[in-house]
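Visitor: Would you be able to build a 3D model of this:
(chains A and B)
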Amino acid sequence: MKIATWNVNSLRARADRVEDWLRRSDVDVLAIQETKCKDENFPWELFENNDYEVAHFGFSQWNGVAIASRVGLDDVERTFVDQPAFGKGGKDPVQEARAIGATCGGVRIWSLYVPNGRALDDEHMPYKLSWLDTLNRQAAGWLGQNPEAQVALMGDFNIAPRDEDVWDIDFFHENNLTHVSAPERAVFEAFLETGFVDVVRPHTDTPKTYTYWDYTQLRFPKNEGMRIDFTLASPALAARVVDAQIDREERKGKGASDHVPVIVELD
DNA sequence: ATGGTCGCGAGGCGA
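Guide: Purely as a prediction, here's the structure:
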């Protein structure tokens, strides 16, 4: 079985590329982030025409997550339990469409779009940290005491866990940028302490391997990217991983997302 | 060549 995650930065704008990629990649499950649409605008036929079932969670032009599967799509959950909502400037917190879970081919898949902290002193940063901390505590419960639990946390974590996961760590620190701060890295590390495993890195550990390149500043042609899209697998699922790829080709050409698909192959 | 933001939605925000 082959599973993948991809922040598409608008599914409607990316429909042709997503369809071409689905056919070419031969994945069984695709976790999608940033659909940027509501159900009424969702391209259902794109998936139907290619024999995928799909579940979507999106209610505005922002965020939006989905899971497409051709190996079953059961027990769909939209938002995880106690998922923090965001209240701007003390206003009533509003839940955001950032998490959808489903069981596909015996694996509990979560498609996750972690909040962007925006700046180290922005009110979105504590939101991001508590969002991840809560997810980690829920995910620990999904593992429970079951050593055979099959769980995959897939998506855009908006964190670069290691210095080599950004093109120039000094640039990030000198400019007080997010994604690389100690609190962000600590909350990412906590998933590993829970028992989850980054199953892509061991298969893609060559230098300057990234999953995202900003549209501005010629970041892609200069390969100034970031590794911020991950698949964190439960121990039993991690044991089944035989290969993984980051599809850098998908960042090329006109009409590319700023993120590329990340694929995990299971036995 | 991979090339100098993009997407949504109709002004400015989010990333």
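Visitor: now the biggest helix by length in chain A: how far from the chain's centre is it?
Guide: Determined from DSSP state H, the single longest helix within chain A is helix A:124-143. Chain-centre distance of helix A:124-143: 14 Å, with C-alpha atoms, centre = their mean, to the nearest Å.
Visitor: Name the residues that touch it?
Guide: If you take C-beta atoms under 8 Å, 6 or more residues apart in numbering as the criterion, helix A:124-143 is touched by A:80-84, A:86, A:98-99, A:108, A:112, A:114-119, A:149, A:151, A:153, A:157-158, A:178, A:183-184, A:187-188, A:190-191, A:194-196, A:234-235. No exception for glycine: its C-beta is placed from N, CA and C like everyone else's.
Visitor: Now do the SS call for residue A:19.
Guide: helix (DSSP: H, G, I helix; E, B strand; the rest coil).
Visitor: Hmm, it is touching residue A:46, no?
Guide: Yes: using C-beta atoms under 8 Å, residue A:19 makes contact with residue A:46 at a distance of 5.4 Å.
Visitor: Which one of these two is surrounded by more residues?
Guide: residue A:46 (19 against 16; other C-beta atoms under 10 Å).
Visitor: The helix or strand containing the more buried one vs DNA strand B: in contact?
Guide: Taking DSSP states H and E as the criterion, residue A:46 maps to helix A:44-48. No: on the criterion C-beta under 7 Å from any atom of the strand, helix A:44-48 is out of touch with DNA strand B, staying 13.3 Å away.
Visitor: and after that helix, which helix or strand comes next?
Guide: strand A:53-57.
Visitor: Tell me the first helix or strand C-terminal of that following strand.
Guide: Immediately after strand A:53-57, counting by DSSP H and E, sits strand A:65-69.
Visitor: got the CA positions of that next one in CSV?
Guide: Output of strand A:65-69 as CSV, limited to C-alpha atoms (Å, rounded to 0.1, in the frame of the first residue of the first chain):
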residue,chain,number,x,y,z
VAL,A,65,-8.4,19.1,4.6
ALA,A,66,-9.4,16.0,2.8
ILE,A,67,-8.6,12.3,2.5
ALA,A,68,-8.9,10.4,-0.8
SER,A,69,-8.7,6.6,-0.7
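Visitor: rewinding a little: in the helix holding residue A:46, what's buried?
Guide: A:46, A:47 (16 or more other C-beta atoms under 10 Å).
Visitor: touching DNA strand B at all, the longest helix of chain A?
Guide: Yes: using C-beta under 7 Å from any atom of the strand, helix A:124-143 comes into contact with DNA strand B via residue A:124.
Visitor: One more: stretch A:237-248?
Guide: No: Stretch A:237-248 lies out of reach of DNA strand B by C-beta under 7 Å from any atom of the strand, never closer than 9.3 Å.
Visitor: And the strands in chain A, which stretches?
Guide: A:2-7, A:29-33, A:53-57, A:65-69, A:74-78, A:99-104, A:107-113, A:151-156, A:197-198, A:229-233, A:241-246, A:262-266 (DSSP state E).
Visitor: Would you reformat these as JSON lines and include mean neighbour count and distance to residue A:210?
Guide: As requested, the strands of chain A are exported to JSON lines (neighbours: other C-beta atoms under 10 Å; distance: least, C-beta to C-beta, whole Å):
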{"stretch": "strand A:2-7", "mean neighbour count": "26", "distance to residue A:210": "13"}
{"stretch": "strand A:29-33", "mean neighbour count": "29", "distance to residue A:210": "16"}
{"stretch": "strand A:53-57", "mean neighbour count": "21", "distance to residue A:210": "27"}
{"stretch": "strand A:65-69", "mean neighbour count": "26", "distance to residue A:210": "22"}
{"stretch": "strand A:74-78", "mean neighbour count": "14", "distance to residue A:210": "30"}
{"stretch": "strand A:99-104", "mean neighbour count": "25", "distance to residue A:210": "24"}
{"stretch": "strand A:107-113", "mean neighbour count": "25", "distance to residue A:210": "18"}
{"stretch": "strand A:151-156", "mean neighbour count": "26", "distance to residue A:210": "13"}
{"stretch": "strand A:197-198", "mean neighbour count": "18", "distance to residue A:210": "15"}
{"stretch": "strand A:229-233", "mean neighbour count": "26", "distance to residue A:210": "9"}
{"stretch": "strand A:241-246", "mean neighbour count": "17", "distance to residue A:210": "8"}
{"stretch": "strand A:262-266", "mean neighbour count": "23", "distance to residue A:210": "11"}
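Visitor: Done for today, thanks.
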